[in-house]
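Enquirer: sequence first, predicted model second:
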Amino acid sequence: MVHSDKDYPMAASSDPTSRPSIDWSQISLNIKPRPKPEIVIQPVEMEDGYSIFRSLSHKVAHCRYDVPLDHQVIVAYAHFKDSPTTDKAVGVITFWVSNGVGRDEKSFTFMDNYFHQISFLFVDQDYQRQGIGSQLLDAALVKIKRSKLDRPIHLEGAKSAISFFRRRGFISLGKAGCSDDIQPDHEIDTATEQTRELHIDS
């Protein structure tokens, strides 16, 4: 069977010594980007939260931290509609809701009980700058507010996160002190947004 030249697209130069060039106008690419996942924020039980937290802390901070005793865990999952059974944990926050101890409690551990605390916040690097950290923080603050205890929120060992919390509306106030009967072993920086304060380890 004989075909004329017009039956075929020109894909290379007629000069046999020249480098072949591709006529991309003759080629159709069918590449579909992976759909953007839905982010699901969900509190989890300690057994599940422990393993998820350790895995994410190692991936993000290269260290396997432990969930502090009695702290709650909220996880952000990436849910893909085309793969509903393979939700991926992409963020986690751990926090403590104050147990109501009074400021005049004569205990060297009163800071651990008086303040609400946000101990860790990790987001998978592939999912950062998508608002997931803010969603996790909001979910934790909802649970803290339900306690109806208008207490400061203590942020442990996270000076690198100060800019994040400032973007969320927290404002630096200065130093916070304790009662005369209690001498903490470090000073605390404070910030506040309306009725909540943020305490950051120095």
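Expert: Good, I have the coordinates. Numbering: from 1, shown residues only.

Enquirer: packing partners of the longest strand anywhere in the chain?
Expert: Once the chain is assigned using DSSP state E, the strand that runs over the most residues is strand 83-96. For strand 83-96, the elements it packs on are helix 46-61, strand 72-80, strand 116-123, helix 132-146, judged by 3 or more CB pairs under 8 Å, 6 or more residues apart in numbering; DSSP states H and E. To be clear about C-beta, it is placed using only N, CA and C from the backbone, and glycine gets the same treatment.

Enquirer: determine which stretch of those is the most buried.
Expert: Mean neighbours per residue, mean count of other CB atoms under 10 Å, is largest over these for strand 116-123, with a mean of 23.

Enquirer: mean confidence score for the longest strand of the chain?
Expert: Mean per-residue pLDDT for strand 83-96: 86.

Enquirer: each with direction, which strands does that strand pair with?
Expert: Strand pairing for strand 83-96, using DSSP bridges, gives strand 72-80 (antiparallel), strand 116-123 (antiparallel).

Enquirer: how about residues contacting stretch 51-65?
Expert: 44, 66-67, 73, 75, 89-92, 94, 120, 122-125 (CB atoms under 8 Å, 6 or more residues apart in numbering).

Enquirer: closest one to Arg166 out of these, please.
Expert: Of all the contacts of stretch 51-65, Arg166 sits closest to Val123, with 17.4 Å by CB to CB.

Enquirer: for the closest one, which non-adjacent residue is spatially closest?
Expert: The shortest distance from Val123 to any non-neighbouring residue, by CB to CB, 6 or more residues apart in numbering, is to Gly91 (4.2 Å).

Enquirer: from memory the one you found sits against Phe120, does it?
Expert: No - using CB atoms under 8 Å, Gly91 makes no contact with Phe120, being 10.8 Å away.

Enquirer: where does the prediction get shaky in the protein?
Expert: Across the chain, residues meeting the criterion (pLDDT under 70) sit at 1-20, 22-34, 84-85, 101-112, 156-160, 169-202.

Enquirer: quick check: closest non-adjacent residue to Phe80.
Expert: Excluding the flanking residues, the one nearest Phe80 by CB to CB, 6+ apart is Pro37, at 4.9 Å.

Enquirer: could you do Phe164 as well?
Expert: In space, and not counting its chain neighbours, Phe164 is closest to Gly133: 6.5 Å by CB to CB, 6+ apart.

Enquirer: packing partners of whatever helix or strand Gln42 lives in?
Expert: Taking DSSP states H and E as the criterion, Gln42 maps to strand 38-44. Helices and strands touching strand 38-44, by 3+ CB pairs under 8 Å, 6+ apart, are strand 72-80, helix 132-146.
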